[in-house]
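A structural model of the following input is requested.
(2 chains)
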Amino acid sequence: MTTNSPSPPGEATVDPRPAPGHTGSRFTRVLGGIVIAGLAVQLLLALVISPRDVVQGDLTRIMYVHVPSAIAAYLAFGVTALGSAVYLWKRSQFWDLAAAASAEIGVLFTAMTLITGSLWGRSTWGTYWVWDARLTSTALLLILFIGYLAVRNIPAERHVRSRRAAIAGLVAFVDVPIVHYSVDWWRSLHQPATLTKLDPEIDGLMLFTLVFSIVVFQALFLWLAVHRFRAEYLAEQLDAEGLEDALAERRAEAHTPAAPTAPTPSAPVAPRSDEDAVPVVSAAPGEGSRS
Amino acid sequence: MWREAALVAGKDLRVEWRSRVVLNQVVPFSVVVLLLFGFALDPDRGFLRQAAPGLYWIAVLLSAMVVVQRSFAVETADGGRDALRATGLDPAALFLGKAAATAAVLVALEIVLAVGVSLLYGVDLTRGLPLLVVSGLLATIGLVAPGMIYGALASGLRVRETLLPLLFLPAVAPVMIGATRAFEAALRQPPSMGEGWRWCGLLGVFAAIYTALGLLIFEPLLEDS
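Next up is the predicted model:
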């Protein structure tokens, strides 16, 4: 067992300040209040106030969830790509965590886009799934970023995981337009685009409802992402503290002549009996280390 | 850089030549995939011949994944990944060398599979042969370049066997689409070469983008082990 090995040069170090025990702050509470109020107004606008569509009737109301989710998902994956790029450049923990938190919410919104899209398709086309270009490329987008989240959860040291996740995030982002273009081309050779374009002569109140919904969903994204970001940050702090505690304990044992358990020098870091020691497991050297 | 890449490629091909893992394990595996398609789709109704381009490329895709896994399994054993870094070779050359060796192996596999498809599914491959060859080569680069990126990304991790397919398969969906459509166009009666060459364009763009990405990204990828 090596002693406290210094983190590689240039790597982000964990903030030594004591962490708060929760992810809330005045900012998130105000933002959360605005989001919840906004969602209530959105429901009212989308379900009651806005008129029925001439052609599609009430079915068009699904648009007020579908389109904002899709835009929020694109925004989220944009933030993930940006965070990945900045992490590779500056090695900053902030951007690493921002990329991670944003991708999680992005996957959520992509799934919502797919679900609402196929519900709409069920009523319009009579089937949950058609090989529509947008539906197909959205499904691939979802799987690409589920892959990114899988890289985020690999069992390895933090800097290994962060770097590989950043690369995966960037590559996935580059892949998205190619996937979109090729699927689009593939389907358009067989059939014209099936999804109706947004009607330019859209009713004023419907347009307002749509724009309002889009704004509310971006705020919802921000709210959720900030909480996820702080939760990830606290988890990393806890990891680091667990390692510090374990090291301090081993050092204390070395100074005690007759330790009750008499650990051998090569014994692995054992978790302490209390529940604080759980993070030690993930802080122990992974496969990537050369201890 | 080219000399270093040739060195790496030569090393990988020598390892393969001496171990014969691809010959003894991957080739039989890909032939079994062709047989499985025969069990899944009724061979008497002409489904196999109709679906041959798609089935061929699925077989290639699955084999490519195994070959990529193999290419990095060679490096992971006995700390090869670190040893490779310690050689001081240019990471871009490493990427090119490993990609070239993997592409050579994959081309050999594709030839075996093409013979298999023509024998087992009764497909006449002499029709539109230039289109088949060009699209096949471009698709090979389009599979190998992302394969190297994701192979390196997953290498040395405990979850590499399960992580690689999740990352690799959706990323190469455009190759699957482009190569299948190009083959379909070439095998059609009469061949519609114009459409086929357009799909080759897509395959070429995909291969170029991923090769450029690999050259840029291999350095940070290998840095961390």
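
What count of nearby residues applies to A:M206?
For A:M206, the neighbour count with other C-beta atoms under 10 Å in any protein chain shown is 21. Just so you know, the C-beta spots here come from the backbone N, C-alpha and C atoms, and that holds for glycine as well.

For it, give me its contacts.
Shown in contact with A:M206 (C-beta atoms under 8 Å, 6 or more residues apart in numbering or on different chains): A:50-51, A:53, A:60.

Buried ones among the residues you listed?
Buried subset of these (neighbour count, 16 or more other C-beta atoms under 10 Å in any protein chain shown): A:50, A:53, A:60.

Would you mind giving the residues you listed as CSV with distance to chain B, pLDDT and secondary structure added?
Output for the buried ones among the contacts of A:M206, formatted as CSV (distance: C-beta to the nearest C-beta, whole Å; pLDDT from 0 to 100; DSSP: H, G, I helix; E, B strand; the rest coil):
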residue, distance to chain B, pLDDT, secondary structure
A:S50, 37, 82, coil
A:D53, 34, 77, strand
A:T60, 31, 82, helix
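
what's the closest of those residues to B:A173?
Of all the buried ones among the contacts of A:M206, A:T60 has the smallest distance to B:A173: 31.1 Å, by C-beta to C-beta.

Can you get me a residue count around A:V226?
Per other C-beta under 10 Å, the neighbour tally for A:V226 reads 20.

what helix or strand is the closest residue to it other than its chain neighbours on?
Nearest in space to A:V226, with sequence neighbours left out and distances taken as C-beta to C-beta, 6 or more residues apart in numbering or on different chains, is A:T28 at 5.6 Å. Following DSSP states H and E, one finds A:T28 within helix A:26-44.

Mind listing residues that contact that helix?
Looking at what lies outside helix A:26-44 - C-beta under 8 Å, 6+ apart - the contacts are A:64, A:209, A:212-213, A:215-216, A:219-220, A:222-223, A:226-227.

Now the residue of the stretch 51-200 of chain A found nearest chain B, what are its backbone angles?
Nearest residue of the stretch 51-200 of chain A to chain B (C-beta to the nearest C-beta) works out as A:S182 at 3.8 Å. With angles defined as degrees, to the nearest 10, A:S182 sits at phi -70, psi -40.

tell me the pLDDT at it?
Listed pLDDT for A:S182 reads 85.

what sits against the residue of chain B found nearest chain A?
In chain B, the residue that lies nearest chain A is B:P174 (3.8 Å; C-beta to the nearest C-beta). Contacts for B:P174 (C-beta under 8 Å, 6+ apart) come out as A:178-179, A:181-183, B:142, B:202, B:206.

most residues in a single helix of chain A, which one?
Counting by DSSP state H, the longest helix found in chain A is helix A:204-255.

From the contacts of helix A:26-44, list just the buried residues.
Buried members of these, counted by 16+ other C-beta under 10 Å: A:64, A:209, A:212-213, A:216, A:219-220, A:222-223, A:226-227.

out of these, what pair is the most spread apart?
Most distant of the buried ones among the contacts of helix A:26-44, by C-beta to C-beta, are A:T209 and A:H227, 27.0 Å apart.

Per-residue pLDDT of the nearest residue to B:F168 once chain neighbours are set aside, please?
Computed as C-beta to C-beta, 6+ apart, the closest residue to B:F168 that is not its neighbour in sequence is B:Y150, at 4.7 Å. If you check B:Y150, the pLDDT there is 93.

next one: the one 3 residues further on
Per-residue confidence at B:L153 stands at 90 (pLDDT).

tell me, how many neighbours does the closest residue to it other than its chain neighbours end up with?
Excluding its sequence neighbours, the residue lying closest to B:L153 (C-beta to C-beta, 6+ apart) is A:R164, at 5.3 Å. Neighbours of A:R164 under the rule other C-beta under 10 Å: 25.

same check, this time on B:E4
B:E4: 17 neighbours (other C-beta under 10 Å).
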